[in-house]
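Engineer: Could you look at this predicted model? Sequence included:
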Amino acid sequence: MVVSTNTKAMTLWEDFDVEIIGNIPEGFLHGTLGYIDAYIIYKQ
């Protein structure tokens, strides 16, 4: 799982051919942004 605002982590995971297979709406409580989406990621 990766939070939607963590673009650096998503870029890294994409380099390893990991894909987003789902989304958890407001699944993470961010310290300043409040509730934000979380991505479910997967690599076979």
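Structural biologist: Perfect, thanks for sending it. Numbers count the residues shown, from 1 in each chain.
Engineer: immediately after the lowest-mean-pLDDT helix or strand in the chain, which helix or strand?
Structural biologist: When the helices and strands of the chain are scored by mean pLDDT, DSSP states H and E, helix 7-15 comes last with a mean of 92. Per DSSP states H and E, the first helix or strand lying C-terminal to helix 7-15 is strand 19-30.
Engineer: buried stuff in that next one?
Structural biologist: 27, 28 (16 or more other CB atoms under 10 Å). C-beta coordinates here come from the backbone N, C-alpha and C atoms, glycine included.
Engineer: model confidence over the helix or strand following that strand, on average?
Structural biologist: Following strand 19-30 in sequence order, the next helix or strand is strand 34-42 (DSSP H and E). Throughout strand 34-42, pLDDT has a mean value of 96.
Engineer: Strand 34-42 - contacts with which helices or strands?
Structural biologist: strand 2-3, strand 19-30 (3 or more CB pairs under 8 Å, 6 or more residues apart in numbering; DSSP states H and E).
Engineer: average pLDDT for the shortest one?
Structural biologist: Looking back up the chat, that one is strand 2-3. pLDDT averaged over strand 2-3 gives 95.
Engineer: One more: the longest one?
Structural biologist: Confidence over strand 19-30, taken as the mean pLDDT, stands at 96.
Engineer: where's residue 27 relative to residue 4, distance?
Structural biologist: Distance of residue 27 to residue 4, given as CB to CB, to the nearest Å: 9 Å.
Engineer: hmm, back to that, please work out which residues outside the least confident helix or strand of the chain touch it.
Structural biologist: 2, 39, 41 (CB atoms under 8 Å, 6 or more residues apart in numbering).
Engineer: still on that earlier bit, can you work out which residues contact both of residue 27 and residue 4?
Structural biologist: 36, 37, 38.
Engineer: Most neighbours out of those residues, which is it?
Structural biologist: Neighbour counts for the shared contacts of residue 27 and residue 4, by other CB atoms under 10 Å, peak at residue 38, which reaches 19 neighbours.
Engineer: Next one: that residue relative to residue 8, how far apart?
Structural biologist: From residue 38 to residue 8 the distance is 16 Å (CB to CB).
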